[in-house]
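1. Sequence and predicted structure are below.
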Amino acid sequence: MLFRVPAAPGAAWRWLWLLLLWRAAQAASAQPGCTLTVSGRVADHESRAALPGATLVVLGSQQATQTDVDGHYHLELCPGTYRVQVSFVGYAPEMLDLRLTTAPVVRDVQLHPDAVLLRGAVVRGERLAVPTTQTTAALTGQALQQTRGQALGEALQRVSGVTAIQTGPGIFKPMIHGLHSNRVTLLNNGVRQEGQQWGVEHGPEIDPFIASRLTVVKGAASVRYGSDAIGGVVLVEPEPLRDSAGVGGELNLVGMSNNGLGAASATLEGNFRQLPALSWRAQGTLRKAGTMRAPGYYLKNSGFEEGNFSGAVGWKKDAYGVEAFYSQFNSRIGILPAAHAGNQSDLLLAVGRERPLETTGFSYDIIRAYQQVRHDVAKLSGFVRTGNAGRLQLTLSHQTDFRDEYDKSRPRNDERAAAGKPELSYTNRTSIGELLWEHRPWHGFTGSVGVSGTYQANRYAAGSRQFIPFYTNLTGGAFLIEKWQQGRWLLEGGLRLDRRDLAVRRADRDTTGAFFVDRTRFQYTTPAASLGATYDASAHLTLGLNAGLTRRAPAANERFSDGVHNGMYELGNDLVPGNAPLTPETALNVGLTATWHHNLRFNGELTVYQNRIRGFIYQVPLLPLVQTIRGAHISWQFLQTDATFRGLDLSSSYLLTPQLLLNLKGSVVRTRDTRANEWQILMPADRAEVSVRYDWPATGPAGRLRSPYAQLGGVAVARQTRVPRNYEARDLLAPPAGYGLLNLELGGTLHWGRLPLELSVAGSNLLNHRYRDYLNRYRYFTDEMGRNVTLRVRVPLEFSRR
């Protein structure tokens, strides 16, 4: 084809621009057209076993992928000739030469074991997540390091869609999509956390320093984790025990300016060259904080202290393995005295003040009122490979939760007062067993079947107030989960059936005033089902749909709580005259997720969901105030209604330049009481976070400071205006105003000899803004934390390799 060159210079420029625009449009339109698929399976040459996590890199380009749990891979390329490198740890790499024209290509790869043994290096990588159709998010690496020193519930707020119910500066309970407490299941190193988790004022008794990964499963996950998990699941996952010879670990140090917090956590782990199957780990944490400072004043008795430790030892072979784990969590948390008043006039005077009536200077002292908690977890787990059939795993655990609560006033019983005994003293003991069988992959199918059982006994000490009655909870269940993966599709379905027996013994009075023991027994059958699918629409776009149906039985506290607890008065639904007994909740949850991933510039995830709960059990503040012999208190009561939760989560990042990264996160929750046709009380307000991070480029010879970065960000939370009608008649204080906070973080790695020190300095609420959060139970009395500067130091340790 011949082109005539225009004579006029102006025309030449116009032709040149048209040509450039045509080429740009051609390139833009060609990108979506690069849909020629290359797929196959990567396996061991000798055993033909699949190699999950094998890496395939298209040389000369930015494209790469990894094989799934069945060893399958999938690439999308333009027509042309390519060279693809296939590699897997312990195997010699292979090269694929591909020529793509118009038809898809299927190429299986078999890798040969590599005879070369690398010594003297410890390689650590990120664990590959097992493919699932459920929406999950995780804090790992530097994102997790930026939360060190915080409580577990506080750290999880970095995940979009996760907020926290708060009681002062030391107690945070994670809330997922508007649900919390009994509806959010926590697993500590694979053990379902059980204790007094029903209390909004009871934070999770878990040391976050134990985790190398915090994973949040959003939405109902009842099939795998039990019928209570209507809202979601939090997985606290330690690093697997070391499998390379030597002794190593890490040291974390944290200091905060606002409340004088100091935290130190150390981990040591080892493996023996003479006994490579034997590994061990020891870990311990100390954390102590003084009085928190709000803008203009200190919060009296707001300090806390912790002392935690854990240990694990394991023996692992290819065909079998066993691991023992033990942890102990100890905490003492001060309770704000402003929540305690002698009469209703004093309490009304304390509510809504700019600053509490009782303030103080800085101190580490913790006085009445306070909580004292100890939580022990013991776990024994093992697995055995059942030949070619699959793998059998058994997990046995026992945990004990000791909780003592001391009121602001000393006990009325002189003997208990002289002995310094608490007003509330509870012991909760829980034993759990689970047997799980995972079958080998078969024609694209992978799955598991399991049975589990739980025995739980809750008791209170002699002389303690009966806030929660004696109860025994016996639960047995069975579940089945199956996945099918073929090409771009992943389908997942599951069924579960639980049987629960709750026996309650409660002291009461008859019509004559005489005491008697009321014995009540509740039995529930709670089925659960889930169905989900994900579809890889392209190399960058994955669509997911998940639906779940489950029932949750009412907990003992929702029925029978009665009395003063952490300065609040609480009453269970079944103790309210005229109330119908609680019935099980039935939840239907549907979620749709779109994920744009593995892109050089833009990556993000958007989730929209709806959760309809029939018989939703919730707690509300009620007027008038309650006057008891221990003073005046805000009254909280459990009620039941039907509710619909709708919302969306957004998490995204955009690489503005090779060094400048923009991050945006947001969450919206809309909850309606469908019986009363009004908004539901105590739901999260709209929330957005934005940050810009700059990573300095590496230029010239590396100095002492490497990988420096700076991150400037902000958090904006709107006023919660979606509240029930006649709100002023139902609560003492209207929802507070919205707020915005400015944050800054600087960090990098300082090489001190051969020792790399990971350092960061982070400032939160830099403008020292006064604000109150709607989900903080102390919003009636005090502001949130003012300006705070946090120093974090992480020191990786490697002592020997022998």
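-> Nice, thanks for sending it over.

2. When you work out contacts or count neighbours from here on, use the C-alpha atoms and nothing else.
-> Will do.

3. which residues of the stretch 451-600 of the chain fall in strands?
-> 470-486, 489-509, 515-536, 541-552, 562-565, 568-571, 585-596 (DSSP state E, counting those that start in this stretch).

4. Likewise for the stretch 601-750 of the chain?
-> Counting by DSSP E, counting those that start in this stretch, the strands of the stretch 601-750 of the chain are 602-628, 631-655, 660-673, 678-679, 687-695, 705-717, 739-752.

5. about what we covered before: out of the strands of the stretch 451-600 of the chain, flag the one nearest Val761.
-> strand 585-596 (31.5 Å; CA to CA).

6. re the thing from before, dump the strands of the stretch 451-600 of the chain to JSON lines, plus distance to Leu741.
-> Below are the strands of the stretch 451-600 of the chain laid out as JSON lines (distance: least, CA to CA, whole Å):
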{"stretch": "strand 470-486", "distance to Leu741": "43"}
{"stretch": "strand 489-509", "distance to Leu741": "41"}
{"stretch": "strand 515-536", "distance to Leu741": "37"}
{"stretch": "strand 541-552", "distance to Leu741": "33"}
{"stretch": "strand 562-565", "distance to Leu741": "32"}
{"stretch": "strand 568-571", "distance to Leu741": "30"}
{"stretch": "strand 585-596", "distance to Leu741": "28"}
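
7. Worst mean pLDDT among the ones you listed?
-> Per-stretch mean pLDDT for these is lowest at strand 562-565 (a mean of 84).

8. Could you tell me which other helices and strands it packs against?
-> In terms of contacts (3 or more CA pairs under 8 Å, 6 or more residues apart in numbering; DSSP states H and E), strand 562-565 is packed against strand 568-571.

9. can you put the strands of the stretch 601-750 of the chain in TSV and add mean neighbour count and mean pLDDT?
-> Shown next, in TSV, are those (neighbours: other CA atoms under 10 Å; pLDDT from 0 to 100):
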stretch	mean neighbour count	mean pLDDT
strand 602-628	19	93
strand 631-655	20	94
strand 660-673	20	97
strand 678-679	17	96
strand 687-695	19	97
strand 705-717	17	94
strand 739-752	18	94
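
10. so which of the strands of the stretch 451-600 of the chain gets nearest Val373?
-> Judging the strands of the stretch 451-600 of the chain by CA to CA, what sits closest to Val373 is strand 562-565, at 14.7 Å.

11. Mind listing residues that contact that closest one?
-> Gln466, Phe467, Ile468, Tyr569, Glu570, Leu571, Gly572, Leu575, His633 (CA atoms under 8 Å, 6 or more residues apart in numbering).

12. partners of that strand, with directions?
-> With DSSP bridges as the test, strand 562-565 is paired with strand 568-571 (antiparallel).

13. The nearest residue to Ser425 once chain neighbours are set aside and Asn473, how far apart?
-> For Ser425, ignoring the flanking residues on the chain, the nearest one in space by CA to CA, 6 or more residues apart in numbering is Asp404 at 4.4 Å. Distance of Asp404 to Asn473, computed by CA to CA, to the nearest Å: 21 Å.

14. show me what contacts Gly631?
-> Gly631 touches His340, Ala341, Gly342, Asn343, Gln344, counting by CA under 8 Å, 6+ apart.

15. Please, a PyMOL command that selects the buried ones among those?
-> Here is the PyMOL command that selects the buried residues among these (16 or more other CA atoms under 10 Å):
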select buried, resi 340+341+343+344
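
16. Dump the contacts of Gly631 to CSV, plus pLDDT, distance to Thr446 and secondary structure.
-> Below are those laid out as CSV (pLDDT from 0 to 100; distance: CA to CA, whole Å; DSSP: H, G, I helix; E, B strand; the rest coil):
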residue, pLDDT, distance to Thr446, secondary structure
His340, 80, 56, coil
Ala341, 82, 59, strand
Gly342, 82, 62, coil
Asn343, 87, 63, coil
Gln344, 87, 61, helix
